[in-house]
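S.K.: here is a sequence together with a model predicted from it:
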Amino acid sequence: QVELVESGGGSVQPGGSLRLSCAASGSIFRIFYMAWYRQTPGNQRELVASTTTAGSTNIADAVKGRFTISRDNTKNTVSLQMNNLRPEDTAVYYCHAQLQEAATMVPYDYWGQGTQVTISS
């Protein structure tokens, strides 16, 4: 059974920084894609940043220049460094991974439980 566990959320003032981390555990054969999404009440989940095994990244325009995504393929982890945070960054942040479980070898999407990020003065 595969599990994504997030950590690092919290509450900071505008202009502050937070670092989110996500670790994938279980019987994993290969991870193709890892990403961070966020969601606010009444809105759809939106992509914040993503990264492939090859190291290519995609950052949403709303956070470009402030957020950085990084991945450790040896540890099956992905992190999101968030700097110069703004009130509009307040959301629940979700880790996402597309991976193959060793038992089935079928690609499947997995999600973390979500971590709250609140930016407020």
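M.R.: Good, I have the coordinates. Numbers count the residues shown, from 1 in each chain.
S.K.: what residue lies at the spatial centre of this protein?
M.R.: Ranked by distance to the mean C-alpha position of the chain (CA atoms, centre = their mean), the top residue is residue 36 at 2.6 Å.
S.K.: in a strand, that residue, correct?
M.R.: Yes. Judged by DSSP: H, G, I helix; E, B strand; the rest coil, residue 36 forms part of a strand.
S.K.: spit out the contact partners of it.
M.R.: Counting by CB atoms under 8 Å, 6 or more residues apart in numbering, residue 36 makes contact with 20, 22, 47-50, 69, 78, 80, 93-96. Placement of C-beta: from N, CA and C, glycine included.
S.K.: distance check, it against residue 14.
M.R.: 20 Å (CB to CB, to the nearest Å).
S.K.: kindly report the same for residue 55.
M.R.: Taken as CB to CB, the span from residue 55 to residue 14 is 31 Å.
S.K.: higher neighbour count, these two?
M.R.: Using other CB atoms under 10 Å, the more surrounded residue of residue 55 and residue 14 is residue 14, with 13 against 9.
S.K.: ok, the more buried one touching residue 83?
M.R.: No. Using CB atoms under 8 Å, residue 14 makes no contact with residue 83, being 11.6 Å away.
S.K.: in JSON lines, list the contacts of residue 36 along with distance to residue 4.
M.R.: Output for the contacts of residue 36, formatted as JSON lines (distance: CB to CB, whole Å):
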{"residue": "20", "distance to residue 4": "12"}
{"residue": "22", "distance to residue 4": "6"}
{"residue": "47", "distance to residue 4": "16"}
{"residue": "48", "distance to residue 4": "15"}
{"residue": "49", "distance to residue 4": "15"}
{"residue": "50", "distance to residue 4": "14"}
{"residue": "69", "distance to residue 4": "15"}
{"residue": "78", "distance to residue 4": "9"}
{"residue": "80", "distance to residue 4": "13"}
{"residue": "93", "distance to residue 4": "12"}
{"residue": "94", "distance to residue 4": "9"}
{"residue": "95", "distance to residue 4": "5"}
{"residue": "96", "distance to residue 4": "8"}
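S.K.: would you mind checking those for buried ones?
M.R.: Among those, those classed as buried by 16 or more other CB atoms under 10 Å are 20, 22, 48-50, 69, 78, 80, 93-96.
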